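# let me see the structure of the following:
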Amino acid sequence: MSTELSLEGLHLGRRPIDLGRLRAGTVLGLMGSPDSITEVVLSAAALAGVAPPPQIPTGFRSGRLRVRRWVRTYFRAAGADPGEAALAAACTEFGLPPEALRGRLSDLDAGARAKLVLALAWATGAKWLTFIDPFAGVPGHIRTGLRARLADLAAAEGRGIVFSSDTLTDFIIAEAGVADIEKGELVAFGSLASVVSEPRGSLPAELTGVNIWSGLARKGWLSIGHSAVRARTELDGKVFVTLPWRSALVSLDEHDPAFTSAAVFEAIVVGLRDRGTAIQAKLSPVDTEMGLALDVDLADLARLGGTSAGAGEDSAGDSGDGSGADSGAGFGILHPGLGATLAQLRAAVRVGTHVFVEVDTSALRAYSVE
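Numbering: from 1, shown residues only. Down below sits the predicted model:
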């Protein structure tokens, strides 16, 4: 039996996609647009000798389906007849108790569903397995162990795996590499370190907490389309540029004393969202210059207090003017110029609010598009 699976002829839309060759005993991870990565997983599953991804049906009616009945349906689709002993052994490998097979799908929690998905594919006996977001919804303490178990078994028994996920930590097992596939295109393919440290697509940037833009390096200057956001560089030509979400200072006051340069520009809040423990805004410059839609963390509820500039400094006490300009700003506050408390921040910042922004250009990071 071959020790490699060619992934050179996979399909993404109407175009072929080349993901090289998968070695037995290794794991390949796919991140990106859900529709695109699902299409690629299914394209891999269509190859000879590859087990299809078990996909537990969703919806109210499907929840009433007996686990055993769905198991038989999957094995028929996979062209497999492993027998009771092989199924029981696979369930044991992934920690799924035998009684889980006797109930309904709706009886299974997220952890049990994930274990069932992994066990069914494993029980087929196929050398090459595929999964679509197999750890979705699984609590962290279970997810870590289950993910490690899958990788260890694959290495020990020489199985090759292609899986998709939208959670960065899942890709720690992707020894064969990570592919970032977005909007019908292969954006990046390489080690997890290379895909994440130099993101070329929106998902790796999102997962690592940075803005990403296409920029231009000319005559020693780096530009992303706004005169207030420039930095020196030794690069030349087209580049990608990243900026962490917490590398800009935002205030309601254009002359906020916290600003340290003249490169302050006015922006409008065009969106607000929760992001983990943080509340985040999307800002757009109000002038006519192109580019620079900027995501900025406004508050972090995991933060015990203090501004981003002075959280570690001793405070002499509040200034008394309500600006919160000292390092003793209220719980969760990252930008005292938007309000000294969460209540003030919520009242002051809405979609449509005009704010003033200073970007820490020293935090800009650029790398070549090539």
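# show me the strands in the stretch 51-200 of the chain, by range?
128-132, 160-164, 177-182, 185-190 (DSSP state E, counting those that start in this stretch).
# contacts for the last one?
Which is strand 185-190. With contacts defined as Cβ atoms under 8 Å, 6 or more residues apart in numbering, strand 185-190 is touched by 12, 17-20, 32, 36, 177-181, 194-195, 199-201, 204. Where C-beta positions appear, they are placed from N, C-alpha and C, glycine not excepted.
# follow-up on the earlier one: figure out which of the strands of the stretch 51-200 of the chain is closest to residue 351.
strand 177-182 (26.1 Å; Cβ to Cβ).
# quick one: low-confidence parts of the chain?
1, 60-61, 63, 288-291, 304-329 (pLDDT under 70).
# that one: helices as residue ranges?
Residue ranges of the helices in the chain, as given by DSSP state H, are 34-45, 60-63, 67-78, 83-93, 110-123, 140-157, 192-197, 202-208, 342-348.
# make TSV out of those and add mean neighbour count and distance to residue 224.
Below are the helices of the chain laid out as TSV (neighbours: other Cβ atoms under 10 Å; distance: least, Cβ to Cβ, whole Å):
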stretch	mean neighbour count	distance to residue 224
helix 34-45	20	26
helix 60-63	10	47
helix 67-78	16	48
helix 83-93	15	49
helix 110-123	23	40
helix 140-157	16	35
helix 192-197	17	19
helix 202-208	19	13
helix 342-348	14	27
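# for those helices, which one sits closest to residue 335?
Nearest to residue 335, of those and by Cβ to Cβ, is helix 342-348 at 8.0 Å.
# and the strands of the stretch 51-200 of the chain, which is most packed in?
strand 160-164 (a mean of 27; mean count of other Cβ atoms under 10 Å).
# and the contacts of it?
5, 7, 22-31, 34, 37-38, 40-41, 44, 127-134, 150, 154, 170, 176.
# just give the strands next to it in its sheet, each with its orientation.
strand 27-32 (parallel), strand 128-132 (parallel) (DSSP bridges).
# tell me how far that strand lies from the chain's centre.
17 Å (Cα atoms, centre = their mean, to the nearest Å).
# with stretch 29-44 instead?
Mean C-alpha position of stretch 29-44 versus that of the full chain (Cα atoms, centre = their mean) differs by 14 Å.
# cool, and stretch 14-23?
The answer for stretch 14-23 is 22 Å, by Cα atoms, centre = their mean.
# from here on, call the first residue 2.
Happy to do that; since the first residue is 2 now, the last one works out to stretch 15-24.
# list the contacts for residue 71?
57-58, 106.
# can you turn the buried part of those residues into a ChimeraX selection?
Applying 16 or more other Cβ atoms under 10 Å to the contacts of residue 71 leaves a buried subset, and the ChimeraX line that selects it is:
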select :57,106
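# dump the contacts of residue 71 to a markdown table, plus distance to residue 228.
Formatted as a markdown table, those follow (distance: Cβ to Cβ, whole Å):
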| residue | distance to residue 228 |
| --- | --- |
| 57 | 53 |
| 58 | 54 |
| 106 | 57 |
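# am I right that residue 55 is in contact with residue 123?
No - the criterion here is Cβ atoms under 8 Å, and residue 55 misses it with residue 123 at 9.9 Å.
# if we can go back for a sec, could you point out which of the helices of the chain sits nearest residue 223?
Nearest of the helices of the chain (Cβ to Cβ): helix 203-209, 17.2 Å.
# helices or strands next to that closest one in the packing?
strand 28-33, strand 178-183, helix 193-198, strand 211-219 (3 or more Cβ pairs under 8 Å, 6 or more residues apart in numbering; DSSP states H and E).
# format the CA atom coordinates belonging to the longest one as PDB.
Presented in PDB, the C-alpha positions along strand 211-219 are these (Å, rounded to 0.1, in the frame of the first residue of the first chain):
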ATOM      1  CA  VAL A 211      -3.800  41.700  13.400                       C
ATOM      2  CA  ASN A 212      -5.100  43.900  10.700                       C
ATOM      3  CA  ILE A 213      -3.700  43.000   7.200                       C
ATOM      4  CA  TRP A 214      -3.500  45.200   4.100                       C
ATOM      5  CA  SER A 215      -1.800  45.200   0.800                       C
ATOM      6  CA  GLY A 216       0.800  47.900   0.700                       C
ATOM      7  CA  LEU A 217       3.600  49.400  -1.300                       C
ATOM      8  CA  ALA A 218       7.200  50.000  -0.400                       C
ATOM      9  CA  ARG A 219       8.900  52.800  -2.400                       C
END
